[in-house]
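# Mind folding the following:
(one chain, ligands or ions: 1)
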Amino acid sequence: MLVFRDNSTLQNHLKNLKNNNKIIGFVPTMGALHNGHLSLVKKSIFQNDLTVVSIFINPTQFDDKTDLEDYPVNIDEDLRLIGEISNDIIVYVPKANDVYGNIVKSENFDLGGLDLVMEGEKREGHFQGVATVVTHFLKTFSPDHAYFGEKDFQQLLIISHITRSLKLKTKVVGCPTIRESNGLAMSSRN
Ligand code: PAF
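This next block holds a predicted model:
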């Protein structure tokens, strides 16, 4: 497993692979991985020559500071779980300034109003933050496929919308929700 902590070395590495016509899958996460995330990683491994997993707790998608501070972090365990699936995976664990530069701020996308209803009504700016970080990754690494859980269905619709409107080349792939034995959808917050 290769772990990159900065964008430029990862970009160089991917450039070489793309020159060799490798198909690249991307699984963005905020860490605290569970079987839901791991199912996305497995699907990506199955459908691509190479899989990149990002682990980045994106500050701009937290409307509540305490929620950000309390978000679970366990990188060593995350790397162990990924390594159990395959060692032929690239993991990107950036710091906020590698993603945002000096100004950690969301963009203001036209999300077709999809960001203003349901969860977006209660979490102001949340989906702009998600769209900002995801489009940043997709523009920077230009993966062929990117994988998102249907558990966060509104997020999946918004990301599909923004990739279409920005004409990004990445195909967004929605994946079924993975549940605990009692039926609860798996989540890092459980
Ligand atoms: O679903 C998540 O974990 C996050 O919203 C994502 C897509 C990794 C963006 O930070």
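# all strands of the chain, in order?
Here the chain has its strands, by DSSP state E, at 2-4, 24-29, 50-55, 89-92, 145-149, 171-175.
# who touches the fifth one?
Outside strand 145-149, the residues within contact range by C-beta atoms under 8 Å, 6 or more residues apart in numbering are 23-28, 36-37, 40-41, 43-44, 47-48, 134, 137-138, 155-156, 159, 163, 170-178. Using the backbone N, CA and C atoms, a C-beta is placed for each residue, glycine as well.
# roughly how far out does that strand sit from the chain middle?
Chain-centre distance of strand 145-149: 8 Å, with C-alpha atoms, centre = their mean, to the nearest Å.
# If we go by neighbour counts, what in the helix-or-strand element of the chain with minimal mean pLDDT is buried?
Ranked by mean pLDDT, DSSP states H and E, the helix or strand of the chain with the weakest confidence is helix 7-19, at a mean of 93. Within helix 7-19, the residues that count as buried by 16 or more other C-beta atoms under 10 Å are 7, 10, 14, 18.
# Next: stretch 107-124.
For stretch 107-124, burial by neighbour count (16+ other C-beta under 10 Å) applies to 109, 111, 114-115, 120, 123.
# Just give me the closest of those to residue 77.
Using C-beta to C-beta, residue 123 is the member of the buried residues of stretch 107-124 that lies nearest residue 77, at 26.9 Å.
# list the contacts for the closest one?
By C-beta under 8 Å, 6+ apart, the contact set of residue 123 is 63-64.
# How much space separates it from the ligand?
In this structure, residue 123 and the ligand are 11 Å apart, going by C-beta to the nearest ligand atom, to the nearest Å.
# per-residue confidence at that residue?
We have a pLDDT of 96 for residue 123.
# The closest residue to residue 139 other than its chain neighbours and the ligand, how far apart?
Distance criterion C-beta to C-beta, 6 or more residues apart in numbering; nearest residue to residue 139, sequence neighbours excluded, is residue 168 at 6.8 Å. Residue 168 is 15 Å from the ligand, where distance means C-beta to the nearest ligand atom.
# Great, nothing more from me.
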